[in-house]
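K.L.:
sequence first, then the predicted structure, then my questions.
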Amino acid sequence: MSPHAKAQTVSVAGHRLRLTNPDKVLYPATGTTKADVLAYFMHVAPVLLPHVDGRIVTRKRWVDGVGTAERPGEVFFEKNLPDSAPDWIRRVTIQHKTHTNSYPVFSDAGALAWAGQVGALELHVPQWRVDRHGMPLNPDRLVLDLDPGPGAGLPECVEVAKRARSLLRELGLEAYPVTSGSKGIHLYAGLDGTYDAEYVNRFAKQLAQALESELPDLVVSSMSKAVRGGKVLVDWSQNNANKTTIAPYSLRGTLEPYVAVPRTWRELTDRLEQLTLDQVVARMKRREDPLAALGRAGPADDRLTQYRSMRDPSKTPEPVPDSLTPTDGQSFVIQEHHASRLHWDFRLEHDGVLVSWALPKGVPTDPAKNHLAVQTEDHPLDYGTFEGTIPRGEYGAGEVTIWDAGTYSWTSGETARKSLRPSPGVPTEVSADPARSR
């Protein structure tokens, strides 16, 4: 995207998104523009998305930039997904004790691009995910926020982090450090989802108190500012079900574009420093994600394995998500596909994927006449809004457009549901529905 263009519509992960004011400076101290932020989000999408996938995302927005030390930019804390947001961003409604919020869940690079477009520099997520119905699950990770008080800094946080690592290992948990992009270090540990947030929060508090007992001159577990001078607060409270933590690889709304960056333990030395956007991009050219073990499940464990094996996301505009997003929706789409031979693709949403058939003889328009349908590999839900040109030499090369879309309903209960089990390559027949035919 040219930084001098005023506005343009682009395709990101198969979604169309209007981008405006790419040359707007969001970080005056470094001259970092909205275009730079968008480029960063696209660059880190493969490593960032696993750490937000399935989690509600709250955002801190600096619409006109972070400003300067003398004149800080105005910041908006946003929980609800606005009505103006694209309808392809997943929306999850969470009932709290006294109110209800409708949050977004980011599952692809398109959602990150939208965040950059609206100035949502900071992405915050809880330690739990939601299931296919949008219901909160038990936490799958624990976090300790090591926050240095006045007179303390990263070297003190490193010392506390190393002791916390030893303590967690004694309890059978491996710790992973993240420089927060602000002042301190976040320590993560993976959980198996056995215990609820209340239990995990109490457990984290006990860990903080144990560290305070072992390192009384260095650690404090109380939130009181009066006792924090020269010490590191081990903030355990972010394990509360209602709390969130800056997502790994998220930007910070600091004067310079610092990032919350996963680090290796070897990096935790006296020379440790917070890293900026440009530094993170440079290090990713030669490093794997040190926090990958705590990301989402690998692609081999779901129904999109065959789909992924047939596509290279660097060569095709088709959506190629790292994991599926379980839903119980009942959408359908019919796509006209000008490949080596013109055909139509018929897809039904089921169990988080689009179960798919190729219709080589087209969509039937006469209820008395069936057409051949050959089941193909399951497709991701995002394919339901995909239109574009698959490049020559790639699988299914040719133009794809949406011929029809909507929702469907079951007509024969469990029998119909069982018919949607994946059986690629198996021919069947499809009938016309006079109400849907063109």
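P.N.:
In hand now; what should we look at? This structure is a prediction, so every number in the text was calculated from the model and none was measured.
K.L.:
show the average pLDDT along stretch 197-214.
P.N.:
Along stretch 197-214, the predicted local confidence has a mean pLDDT of 94.
K.L.:
name the residues that touch that stretch?
P.N.:
127-128, 138-139, 142-144, 160, 163-164, 167-168, 191, 195, 219-221, 234-237, 239-241 (Cβ atoms under 8 Å, 6 or more residues apart in numbering). Using the backbone N, CA and C atoms, a C-beta is placed for each residue, glycine as well.
K.L.:
make it 6 Å
P.N.:
If you take Cβ atoms under 6 Å, 6 or more residues apart in numbering as the criterion, stretch 197-214 is touched by 139, 142, 164, 219, 221, 234, 236, 239-241.
K.L.:
ditto for stretch 156-164
P.N.:
Identification of contacts with stretch 156-164 by Cβ under 6 Å, 6+ apart yields 146, 148, 177, 184-185, 187, 211, 219, 232, 268, 272.
K.L.:
buried by neighbour count: which residues of it qualify?
P.N.:
Within stretch 156-164, the residues that count as buried by 16 or more other Cβ atoms under 10 Å are 156-161, 163-164.
K.L.:
hey, C-alpha coordinates of that stretch in PDB?
P.N.:
In PDB, the C-alpha atoms belonging to stretch 156-164 read as follows (Å, rounded to 0.1, in the frame of the first residue of the first chain):
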ATOM      1  CA  GLU A 156      15.400  -6.700  38.700                       C
ATOM      2  CA  CYS A 157      12.500  -8.200  36.700                       C
ATOM      3  CA  VAL A 158      15.000 -10.700  35.100                       C
ATOM      4  CA  GLU A 159      16.100 -11.800  38.600                       C
ATOM      5  CA  VAL A 160      12.500 -12.400  39.700                       C
ATOM      6  CA  ALA A 161      11.600 -14.100  36.400                       C
ATOM      7  CA  LYS A 162      14.400 -16.600  36.800                       C
ATOM      8  CA  ARG A 163      13.300 -17.500  40.400                       C
ATOM      9  CA  ALA A 164       9.700 -17.700  39.300                       C
END
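K.L.:
could you list the low-confidence segments of the stretch 1-150 of the chain?
P.N.:
Within the stretch 1-150 of the chain, the stretches with pLDDT under 70 are 1-5.
K.L.:
all helices of it, in order?
P.N.:
Using DSSP state H, counting those that start in this stretch, the helices of the stretch 1-150 of the chain run over residues 34-48, 109-117.
K.L.:
what packs against the shortest one?
P.N.:
When contacts are defined as 3 or more Cβ pairs under 6 Å, 6 or more residues apart in numbering; DSSP states H and E, helix 109-117 packs onto strand 7-12, strand 15-20, helix 34-48.
K.L.:
quick one, it and helix 34-48 angle?
P.N.:
Angle of helix 109-117 versus helix 34-48, following axes from the mean of the first three to the mean of the last three Cα atoms, to 10 degrees, is 140 degrees.
K.L.:
pull the residues that contact helix 109-117.
P.N.:
With contacts defined as Cβ under 6 Å, 6+ apart, helix 109-117 is touched by 12-13, 15, 17, 19, 37-38, 41-42, 45, 89.
K.L.:
how far does it sit from its chain's centre?
P.N.:
Using Cα atoms, centre = their mean, to the nearest Å, we find the averaged C-alpha position of helix 109-117 to lie 10 Å away from the chain's own average C-alpha position.
K.L.:
again with stretch 354-363
P.N.:
Taking the mean of its C-alpha atoms, stretch 354-363 sits 31 Å from the chain's own mean (Cα atoms, centre = their mean).
K.L.:
return the set of buried residues in that stretch.
P.N.:
Under the neighbour-count rule (16+ other Cβ under 10 Å), stretch 354-363 has 354-359, 363 buried.
K.L.:
rewinding a little: looking at the helices of the stretch 1-150 of the chain, spot the one closest to G172.
P.N.:
helix 34-48 (26.4 Å; Cβ to Cβ).
K.L.:
that closest one: how far from the chain's middle?
P.N.:
Remark: helix 34-48 is offset 12 Å from the chain centroid, using Cα atoms, centre = their mean.
K.L.:
for that helix, name the packing helices and strands.
P.N.:
Other helices and strands packing on helix 34-48, by 3+ Cβ pairs under 6 Å, 6+ apart, are helix 109-117.
K.L.:
give the buried residues for the helix it packs on.
P.N.:
Using 16+ other Cβ under 10 Å as the burial criterion, the residues of helix 109-117 that qualify are 109-117.
K.L.:
please save the CA atoms from that helix in CSV.
P.N.:
The C-alpha trace of helix 109-117 is given here as CSV (Å, rounded to 0.1, in the frame of the first residue of the first chain):
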residue,chain,number,x,y,z
ALA,A,109,-4.9,-11.2,9.2
GLY,A,110,-8.0,-9.3,7.9
ALA,A,111,-9.1,-8.7,11.5
LEU,A,112,-5.6,-7.3,12.4
ALA,A,113,-5.7,-5.1,9.3
TRP,A,114,-9.0,-3.7,10.5
ALA,A,115,-7.5,-3.1,14.0
GLY,A,116,-4.7,-1.1,12.4
GLN,A,117,-7.1,0.9,10.2
